[in-house]
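# predicted coordinates and the sequence they were generated for:
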Amino acid sequence: MALIYCCSVTGYGQSREIPKELYIASGIPDSLKEDANSVLRYGMEDFNITGPGKASDKIHTIVTILNEKGDDEARIVLPYHKKFNSVNAFEMRVYGADGTLLKKYHKSDMYDRAAIDNESIATDDRILAIAHTIVSYPVTIEMIYEDDNKSLIDLGAWRIQKAEQSVQNSYLHISINANTGFRYLNRNTKIAPQKNIVDGKENYSWQVTNLKAIKLEEGAEAWRVLPAIYLAANNFEFYGIAGDISTWENYGNWQKALNADVCSLSPEREEEIRKMTDSLKTDKEKAKFLYHYMQQNMRYVSIQLGIGGLKPFAATFVDQKKYGDCKALSNYMSALLKAVKIPSCYAIVNAGANAEPAHASFPYDPFNHVILCVPFKNDTTWLECTSSVSNFGELGPFTENRTALLVTENGGKLVNTPKSTAKQNQFNSEAHIILDADGGAKTQIKILSTGEYRAMYLAMPEIKADEQKGFLLRDLHIKQPSVFDFQSGTDRDGVKEVDLTLEYDRFCDVMAGDKQFYKPLAFTLWAATVPILEKRKTDYYFEHPMQKSCVTTIDLPAGFEVETLPQDQSLKFTYGNYDVKYSYNKEKNQVVSKANFSLVNQVIPAAKYNEMQQYMDAIAKAQNKKLVIRRKA
């Protein structure tokens, strides 16, 4: 379909005629429907940067939603701040498949509330939100809105394409004062902008057409696949405070200045801290003591007021009130260490399992979390200060294997956070199963866990008993028992114990004459499989490396013996292994199964996907082998 648009840079701020065909679902080319839940028929963003941290944005989109998986395109949430950001205009129009206008929404129809969530309980930020309920497909949603910003660090990103969304026509225009150090970074795309200068303003324009939908492969991370262009200018202003983000060093200096008046305790309190640690000999022992002191006495509460999004509460405030968010608690921990003359660095990171790391060559602000780095002489220790249960020096998937910006005396320094090892994330279990002659069983399972498994089981007592049961049965792939009892045991030296007591009226898989068939392991040690692909395009991500084991002892009923014992197996994979061994003690009439699984790298290169797929299929088959017992003649 040929579309006539004025694509010159100077024409972007002007209204333009939208062809009627873009409102009619039948006008979508077949090639754009494949793997698509929605089609961006027309997207236009006109972004005018008027000064450091100041910009106006005009956005116009037309999206045809093809099925319920695309329903998010009929919802929108617009953040604002009464002092620094405003939504000046909004309109949403809904069209039927034939382009007939069905409904209109205006700004006055939007829901207006504080931008609180499960983390933040108080904030100055607010949101405007609206959603249209779709009753039939396809449906086309048009949105037109404008906003003004007076507080920006970087300029965000042009997210060209969402997962399972094709793009028919989309444009971005940026106008910015010349010599401001405007920068952009291409991510998963090679498109280049047109550029010119008009009246002292640099104008950049990008255009894309007829992009087919991208369906993310299982285990892929969107930031490694979907096209985007990141935007930044060297100078910024945030909540009225000017800064420079042309280098990571400069941005770190801005954060250092922001924290300068909040990172010390009173002299009297510092003296108390020193007395608490006087008997400890090394700096590492003192740091560990103070970390546990903070965990036991402070709690995590997120309150984002004023410039609270980036400036922490004063260490004295946290010390008195006994709470703070990630910034405040990390800053407080730093103040505790400072009192005993142990240097540390406030560290800003983009958190979330396998979240995108910051880019060394493109200074901007992708961060959402703060941790603490303690550079001891012989090793560097990282502290997650929001958790009351994390082990000293362990981060976990939320912040590990990432780039973090250290705020040092010399400004910002981008460094890598450590990766956990399989040995740090252990799941070790022992199970004792007593079978009865009718195929029932009584089972005792003890689990000892570290790292992420420990964190999971520490959280179990916080959920309801029926939810505990449902989660554990699904997670371990255990048969539904007639009796279920969960006991949260000790947590000592970084090892969490839990105990399960299960009873079954019918535990065997099959009963045939005088024979009974069982799985020889109490539960499935590794249940995941992945689909067969002709050619994998992207790396596969697990949340963390791991090491798992299970020893299952089965007491056979009196009068029964083993007829068939599964064969031992040892399966190898470039990034792990699985092995299982079986033995039968005739004297005790017991079968013992010992299984071990390891995954030593959480990111599996695309080139190794087929090997992983075959390996996991082989594990599934190995775990499906049957123990056969029979009545003695």
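Thanks, I have the structure now. Residues are numbered from 1 along each chain as shown.

# below-threshold pLDDT in the stretch 251-400 of the chain: ranges please.
Scanning the stretch 251-400 of the chain for pLDDT under 70 picks out 304-306, 308.

# then the chain?
For the chain (pLDDT under 70), the answer is 1-16, 116-123, 304-306, 308.

# count the neighbours of A360 for me.
9 (other Cβ atoms under 10 Å). Every residue, glycine included, has its C-beta placed from N, CA and C.

# sec struct for the residue lying closest to it once chain neighbours are set aside, please.
What sits nearest to A360 in space, not counting adjacent residues and going by Cβ to Cβ, 6 or more residues apart in numbering, is L414, at 5.6 Å. Secondary structure state of L414, per DSSP: H, G, I helix; E, B strand; the rest coil, is strand.

# L414 reaches F362, doesn't it?
No: when contacts are counted by Cβ atoms under 8 Å, L414 is not listed as touching F362 (10.6 Å).

# the more surrounded of those two?
L414 (20 against 15).

# return the distance of that one relative to C373.
Distance of L414 to C373, given as Cβ to Cβ, to the nearest Å: 12 Å.

# okay, and the common contacts of these two?
Both L414 and C373 are in contact with A404, L406, where contact means Cβ atoms under 8 Å, 6 or more residues apart in numbering.

# got the contact list for A455?
Taking Cβ under 8 Å, 6+ apart, we find A455 in contact with V389, S390, G396.

# narrow those to just the buried residues.
S390, G396 (16 or more other Cβ atoms under 10 Å).

# and the contacts of A455, which is closest to P193?
Nearest to P193, judged by Cβ to Cβ, of these is G396 at 39.8 Å.

# pretty sure the closest one sits against H544.
Yes: between G396 and H544 there is a contact under Cβ under 8 Å: 7.3 Å.

# who touches both of those two?
Common neighbours of G396 and H544 (Cβ under 8 Å, 6+ apart) are S420, G451, E452.

# most surrounded residue in the residues you listed?
Ranked by the number of neighbours (other Cβ under 10 Å), these place G451 first, at 25 neighbours.

# helices or strands up against the strand or helix carrying L472?
In this structure, L472 sits in helix 465-476 according to DSSP states H and E. Packing partners of helix 465-476 (3 or more Cβ pairs under 8 Å, 6 or more residues apart in numbering; DSSP states H and E): strand 483-492.

# between the next helix or strand after the strand it packs on and strand 483-492, how many degrees?
Beyond strand 483-492 on the C-terminal side, the first helix or strand identified by DSSP H and E is strand 495-504. Here the directions of strand 495-504 and strand 483-492 differ by 170 degrees (axes from the mean of the first three to the mean of the last three Cα atoms, to 10 degrees).

# flag every buried residue along strand 495-504.
Neighbour counts over strand 495-504 (16+ other Cβ under 10 Å) mark V495, K496, E497, V498, L500, L502, Y504 as buried.

# can you tell me the SS state at the nearest residue to the fifth one once chain neighbours are set aside?
Across the structure, with Cβ to Cβ, 6+ apart as the measure, the residue nearest L500 apart from its sequence neighbours is I445 (4.2 Å). Taken by three-state DSSP, the conformation at I445 corresponds to strand.

# E249 too?
Per three-state DSSP, E249 ends up helix.
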